[in-house]
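Peer 1: fold the stuff below for me.
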Amino acid sequence: MEKQLASAVDELKAMRQDLEKMRNHPLKSALKKSIVVLQDRILALRDSLAELKAGIIEGCKNTLAAVKERGISALDHAARFFHIKPGLTALRNNINEGIQADEKAISRIEAVSSEYHEAGRHLKNIGRA
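Peer 2: Below you'll find the predicted structure:
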């Protein structure tokens, strides 16, 4: 998960560099907003992943202590010791929110793009007339 998060950060950097290369393009402001939303989502995912990692480490410590005390039967409910479910639920919610934000941004970009192309067609028709 950390590798995927790192690749998402790298892709975000690449998007920023591409955005800086764009000059007065009509999609630039929409893309800037999308990048800001993506950055917020990546930061939220990073925090969730850190919490999940801390929960796993704490769960390992607790499980090891329980195994030392009670033996191998303490491993029966390891998932409960690891506190994984709340972390995964939070991670899923952040990912779903990110997907929804991305879909909204894509639809806005598509709408601006179609209006831009339609305006270009109108200008060509005016030029022909």
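Peer 1: other SSEs contacting the longest helix along the chain?
Peer 2: Within the chain, and with DSSP state H defining each element, the longest helix by residue count is helix 84-128. With contacts defined as 3 or more C-beta pairs under 8 Å, 6 or more residues apart in numbering; DSSP states H and E, helix 84-128 has these neighbours: helix 28-70. Bear in mind the C-beta positions are built from the backbone N, C-alpha and C, glycine included.
Peer 1: tell me the angle the helix it packs on makes with helix 84-128.
Peer 2: Between the direction of helix 28-70 and that of helix 84-128, the angle (axes from the mean of the first three to the mean of the last three C-alpha atoms, to 10 degrees) works out to 170 degrees.
Peer 1: and residue 27, what is it in contact with?
Peer 2: Applying C-beta atoms under 8 Å, 6 or more residues apart in numbering to residue 27 gives the contacts 109, 112-113, 116.
Peer 1: and it, how far from residue 20?
Peer 2: Computed as C-beta to C-beta, to the nearest Å, the residue 27 to residue 20 distance reads 14 Å.
Peer 1: same check on residue 67?
Peer 2: When C-beta to C-beta is the yardstick, residue 67 and residue 20 sit 54 Å from each other.
Peer 1: what of residue 7?
Peer 2: As judged by C-beta to C-beta, residue 7 and residue 20 stand 20 Å apart.
Peer 1: got it, and residue 46?
Peer 2: 23 Å.
Peer 1: more neighbours: these two, which one.
Peer 2: residue 46 (16 against 9; other C-beta atoms under 10 Å).
Peer 1: what distance do you get for the residue nearest to that one when sequence neighbours are not counted to residue 120?
Peer 2: Excluding its sequence neighbours, the residue lying closest to residue 46 (C-beta to C-beta, 6 or more residues apart in numbering) is residue 5, at 6.1 Å. Computed with C-beta to C-beta, the distance linking residue 5 and residue 120 is 39 Å.
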